[in-house]
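1. Output the structure for:
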Amino acid sequence: QVQLVESGGGLVQAGGSLRLSCVASGTIFSINAMGWYRQGPGKQRELVAGITRGYNTDYTDSVKGRFTISRDNARNTVYLQMNSLKPEDTAVYYCALKKYYSGSSYSGSLSPDYWGQGTQVTVSS
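-> You can find the predicted model right below:
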């Protein structure tokens with residue numbers, strides 16, 4: 001089993017920044033991909049950004065140039081640096097892990113095996 005614990009959410013004004021962290025623990029195999037998803041009020045969950053074991057990254061169009069995903073494999077941790085936040089970024093952000101994944105990109109069609117409990121990000125205008 002794998003446990004994912006997110007932190008770093010909160011309330012921020014538009015234009016501000018937040019950094020989310022997600023620590024994975026448990027039985028973690030070295031080949032995996034990790035991603036950040038979000039679900040806004042009345043919306044479906046969507047992929048925000050993903051990163052492969054080889055550090056290839058993918059982003060949804062609405063966050064390109066503002067968000068950066070990174071990972072520290074030694075610490076089993078993935079980060080999401082969010083800059084220039086907008087009210088429409090308000091959502092619960094979830095960390096996810098896809099095990100046994102050696103692909104070169106992280107797409108929205110991937111189905112993660114494990115999810116974190118989520119952390120709330122609220123951006124005020």
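2. can we go C-alpha only for contacts and neighbour counts from here?
-> Fine.
3. where's the closest residue to Arg45 other than its chain neighbours relative to Gln3, distance?
-> The shortest distance from Arg45 to any non-neighbouring residue, by Cα to Cα, 6 or more residues apart in numbering, is to Gln39 (4.3 Å). Gln39 sits 20 Å away from Gln3, going by Cα to Cα, to the nearest Å.
4. picking up where we left off before, from Tyr101, how far off is the residue nearest to Arg45?
-> Gln39 is 24 Å from Tyr101, by Cα to Cα.
5. and what of Arg38?
-> Using Cα to Cα, Arg38 is found at 21 Å from Tyr101.
6. In terms of neighbours, single out the busier of these two.
-> Between Arg38 and Tyr101, counting by other Cα atoms under 10 Å, Arg38 is the more crowded of the two (22 against 19).
7. Would you check that the more buried one makes contact with Val92?
-> Yes - the pair formed by Arg38 and Val92 meets the contact definition of Cα atoms under 8 Å, at 5.4 Å.
8. Wait, Arg53 touches Phe29, no?
-> No - using Cα under 8 Å, Arg53 makes no contact with Phe29, being 10.6 Å away.
9. Tell me which of those two has more neighbours.
-> Applying other Cα under 10 Å to Arg53 and Phe29 shows that Arg53 carries more neighbours, namely 20 against 10.
10. That one falls within a strand, correct?
-> No - counting by DSSP: H, G, I helix; E, B strand; the rest coil, Arg53 falls outside a strand, being coil.
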